[in-house]
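Participant: Structure for the following, please:
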Amino acid sequence: MDTHQVELAVFTLFFLLVTVVGFLASRWRRGDLDLLDEWGLGGRSFGTLITWFLVGGDLYTAYTVIAVPALVFGAGSVGFFALAYTSLVYPLGFLILPRLWAVSRKHGYVTAADFVRGRYGSHWLALAVAFTGILATMPYIALQLVGMNVVLAQMGLKGDWPLLVAFLILALYTYSSGLRAPALIALVKDAMIYIMVGAVVVLIPYKLGGYAHIFAAAGPLLAAKHPPAALVLPKSGYSAYASLALGSALALFMYPHSVTAILAAKSGDAIRRNQVLLPAYSVLLGLIALMGLMALVAGLHPATANMAIPMLIEWALPPWFAGFCFAAIAIGALVPAAIMSIAAANLFTRSFYRAYMRKDATARQESQVAKLASLVVKLGALPFIIFLPQQYAINLQLFGGAWILQTFPAIVFGLWQRRFHHIALLIGWIAGMAASTGMEMSLHMKGSTYALHLFGGTYPAYAGCYALTLNLAITILLTLVLDAARVKRLGDATSEEDYEDRVTTQAGGGVEAVAAEF
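Facilitator: Got it, this is the predicted structure:
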């Protein structure tokens, strides 16, 4: 057997394994999968351990294994902004996510749009949040497609049919098992990723002469690129780096798939523990990012930066282990893609179908529509693959991040107060969406760092942060104007005690209470 045949045999073996796991997941933690709470949120029953794997599988995706090291390979130190933003995001999540979980549990909210509608009483604002969530999810699913595609191409599988087969299988077990499928597969995926990274960060540096040599050689190689890149971030890149990290941190838990993974937890304590434990994935992310420098020093010349890591793996590792690594990357794309499609389907069902198309829908009808929507939403990612430049796959995530950031004022500030007027929030959202889209289009969708020219100076920063600043400024100003004009506010379906986490592990509950959480 030649190299590609061995790789493909091992890849197929592990892909079949997770396929079987995905279909068997419908029998795991049995529930009525004809109910949206059971199909789309796993019955809100996941303890700390399952939530850890689910959220990790949800947030650490092809973005982590393909896109981040590809950016380091092509642009150098700026790619490490991903490490900075994951350091910022978990303290933020520790504050906001238990409150969102508590109020959602109390009122049966399945999505962030459900919460916004209950909090502000505005179906238009809820519709805006739902629309943004679905729109922002599309390029993120597309990023998973890119990750799978480069792995399949490296093994010699040309054309679109292998990708279509993989996503057809994904669609089928997502339809049958709901959120239980990616939650169970995430256990396998994370184990495989940790094995892959543990081996790669030892074997490849050994082959290249050690980390000292890698860092010494990477600097000149990056400087020789066109345009030049840098191993150490130059002062001119500080604002872009900081804003990319901040904007990505603020956006991460606004994504529908992130909210879905959090609302599936059984308690606020499970969420808090996860915000403490999840930085372990940040260590993994840092090690993976270094693979971009390894590919550079190895002298590889991929057609696009996205191919750098698959080429590195095939160059450095024996075929059987390369096939294992490729399977880990592909499964690492399938898990978040499944959660994303479920999250988008939940949004469509609650905020479009039930709100406007069939207000008297039964729970079973609601669940059936969500299952069908999860199939359709995967197709929505294809235009992002076909029409957008893919030099750096990470831009697909940053495009979505710039959009989803515009829901931050309504969701996060709404968890503590209702000072913002719902009309002001809606108009601020419109302005933010228009600004972020306009800036991305001015960059021809090839990047997300926009250079703002103001008072004779140039200030490069993440387009999403600029758009969010405009959004907030308009929201604050219009709130003052509307309140001064005594424009009526709509009713609030929630109360202050709804945001308090009452389902927690009891102090002194013993081993059984703690074990139940895990």
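Participant: quick one: the helices in the stretch 51-200 of the chain?
Facilitator: Taking DSSP state H, counting those that start in this stretch as the criterion, the stretch 51-200 of the chain contains helices spanning 62, 68-75, 81-107, 112-120, 123-154, 161-177, 180-208.
Participant: among these, which is nearest residue 331?
Facilitator: For residue 331, the closest of the helices of the stretch 51-200 of the chain is helix 180-208, at 4.6 Å, according to CB to CB. C-beta coordinates here come from the backbone N, C-alpha and C atoms, glycine included.
Participant: what's that closest one packed up against?
Facilitator: helix 3-24, helix 48-59, helix 161-177, helix 211-223, helix 279-297, helix 308-316, helix 319-348 (3 or more CB pairs under 8 Å, 6 or more residues apart in numbering; DSSP states H and E).
Participant: change it to 6 Å
Facilitator: Under the contact criterion of 3 or more CB pairs under 6 Å, 6 or more residues apart in numbering; DSSP states H and E, helix 180-208 touches helix 3-24, helix 48-59, helix 279-297, helix 319-348.
Participant: How many residues are close by the closest residue to residue 231 other than its chain neighbours?
Facilitator: Of all residues not flanking residue 231 in the chain, residue 219 sits nearest, at 4.2 Å (CB to CB, 6 or more residues apart in numbering). Per other CB atoms under 10 Å, the neighbour tally for residue 219 reads 15.
Participant: separation between residue 219 and residue 230?
Facilitator: Between residue 219 and residue 230 the computed distance is 8 Å (CB to CB, to the nearest Å).
Participant: now residue 261
Facilitator: Between residue 261 and residue 230 the distance is 36 Å, computed by CB to CB.
Participant: So between those two, which is more surrounded?
Facilitator: Using other CB under 10 Å, the more surrounded residue of residue 261 and residue 230 is residue 261, with 33 against 17.
Participant: centroid residue for the protein?
Facilitator: residue 59 (4.6 Å; CA atoms, centre = their mean).
Participant: residues in contact with stretch 200-215?
Facilitator: Stretch 200-215 has contacts (CB atoms under 6 Å, 6 or more residues apart in numbering) with 287, 293, 294, 297, 316.
Participant: contacting residues around the first one?
Facilitator: By CB under 6 Å, 6+ apart, the contact set of residue 287 is 197, 201.
Participant: confidence score at it?
Facilitator: At residue 287, the predicted lDDT confidence score is 89.
Participant: what does the last one give?
Facilitator: The predicted local confidence for residue 316 comes out at a pLDDT of 92.
Participant: ok, now the second one?
Facilitator: Confidence per residue is given as pLDDT, and for residue 293 that number is 94.
Participant: For it, give me its contacts.
Facilitator: 214, 218.
Participant: run the last query once more with 10 Å
Facilitator: 69, 72-73, 76-77, 79, 205, 208, 211, 214-215, 217-219, 221-222, 231 (CB atoms under 10 Å, 6 or more residues apart in numbering).
Participant: Kindly report the same for the fourth one.
Facilitator: Shown here is residue 297, whose contacts under the criterion CB under 10 Å, 6+ apart are 204, 205, 208, 209, 213, 214, 215, 216, 217, 218, 221, 312.
Participant: what's the residue nearest to residue 90 when sequence neighbours are not counted in contact with, if anything?
Facilitator: Closest residue to residue 90 apart from its sequence neighbours, by CB to CB, 6+ apart: residue 275 at 4.7 Å. Each residue near residue 275 by CB under 10 Å, 6+ apart is listed here: 55, 89-98, 253, 262.
Participant: Make a ChimeraX selection of the buried ones in those.
Facilitator: Only the buried entries of the contacts of residue 275 go into this ChimeraX selection, using 16 or more other CB atoms under 10 Å:
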select :55,89,90,93,96,97,98,253,262
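Participant: Need the contacts of residue 275 in TSV (columns: pLDDT and distance to residue 39).
Facilitator: Converted to TSV, these look like this (pLDDT from 0 to 100; distance: CB to CB, whole Å):
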residue	pLDDT	distance to residue 39
55	83	19
89	91	28
90	91	28
91	92	32
92	92	29
93	92	25
94	93	28
95	92	30
96	94	26
97	94	22
98	94	24
253	90	22
262	92	17
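Participant: Now flag whichever of the contacts of residue 275 is closest to residue 488.
Facilitator: Distances from residue 488 to the contacts of residue 275, taken by CB to CB, are shortest for residue 96, at 28.2 Å.
Participant: wait, doesn't that closest one sit right on residue 258?
Facilitator: No - using CB atoms under 10 Å, residue 96 makes no contact with residue 258, being 11.1 Å away.
Participant: so which pair among the contacts of residue 297 is furthest apart in space?
Facilitator: Spanning the widest gap among the contacts of residue 297 are 216 and 312, at 18.5 Å by CB to CB.
Participant: between the two, who's got more neighbours?
Facilitator: With neighbours defined as other CB under 10 Å, residue 216 and residue 312 compare such that residue 312 has more, 26 against 13.
Participant: how much space is there between that one and residue 365?
Facilitator: Using CB to CB, we find residue 312 at a distance of 49 Å from residue 365.
Participant: what's the answer for residue 414, then?
Facilitator: Noted for residue 414: a distance of 29 Å to residue 365, by CB to CB.
Participant: Just want to know which of those two has more residues nearby.
Facilitator: When residue 414 and residue 365 are compared on other CB under 10 Å, the one with more neighbours turns out to be residue 414, at 25 against 16.
Participant: got the contact list for the residue nearest to the more buried one when sequence neighbours are not counted?
Facilitator: Spatial nearest neighbour of residue 414, excluding adjacent residues (CB to CB, 6+ apart): residue 119 at 4.7 Å. Residues in contact with residue 119 (CB under 10 Å, 6+ apart) are 103, 107, 109, 125-126, 410-411, 413-415, 417-418, 422, 490-494, 498.
Participant: For ChimeraX, what selects the buried ones among these?
Facilitator: In ChimeraX syntax, the buried subset of the contacts of residue 119 is picked out as below (16+ other CB under 10 Å):
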select :103,109,125,126,410,411,413,414,415,422,490,494,498
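Participant: Just the contacts of residue 119: which are in helices?
Facilitator: Among those, the residues falling in helices (DSSP state H) are 103, 107, 125, 126, 410, 411, 422.
Participant: and which of the residues you listed is nearest residue 156?
Facilitator: Nearest to residue 156 out of the ones in helices among the contacts of residue 119 is residue 411 (CB to CB; 44.9 Å).
Participant: Let me know whether residue 410 touches residue 115 as I believe.
Facilitator: Yes - judged on CB under 10 Å, residue 410 makes contact with residue 115 at a distance of 9.1 Å.
Participant: Can you pull the residues that touch both of those two?
Facilitator: By CB under 10 Å, 6+ apart, the residues touching both residue 410 and residue 115 are 126, 129.
Participant: What average pLDDT does stretch 150-157 get?
Facilitator: On average, stretch 150-157 scores 86.
Participant: 31 is where my numbering starts, stick with that
Facilitator: Okay, residue one is now 31; in that scheme the one you just asked about reads as stretch 180-187.
Participant: in it, what's buried?
Facilitator: Residues of stretch 180-187 classed as buried: 180, 181, 182, 183, 184, 185, 187 (neighbour count, 16+ other CB under 10 Å).
Participant: can the residues you listed go into JSON lines with extra columns for distance to residue 204?
Facilitator: As requested, those are exported to JSON lines (distance: CB to CB, whole Å):
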{"residue": "180", "distance to residue 204": "23"}
{"residue": "181", "distance to residue 204": "20"}
{"residue": "182", "distance to residue 204": "20"}
{"residue": "183", "distance to residue 204": "24"}
{"residue": "184", "distance to residue 204": "26"}
{"residue": "185", "distance to residue 204": "24"}
{"residue": "187", "distance to residue 204": "23"}
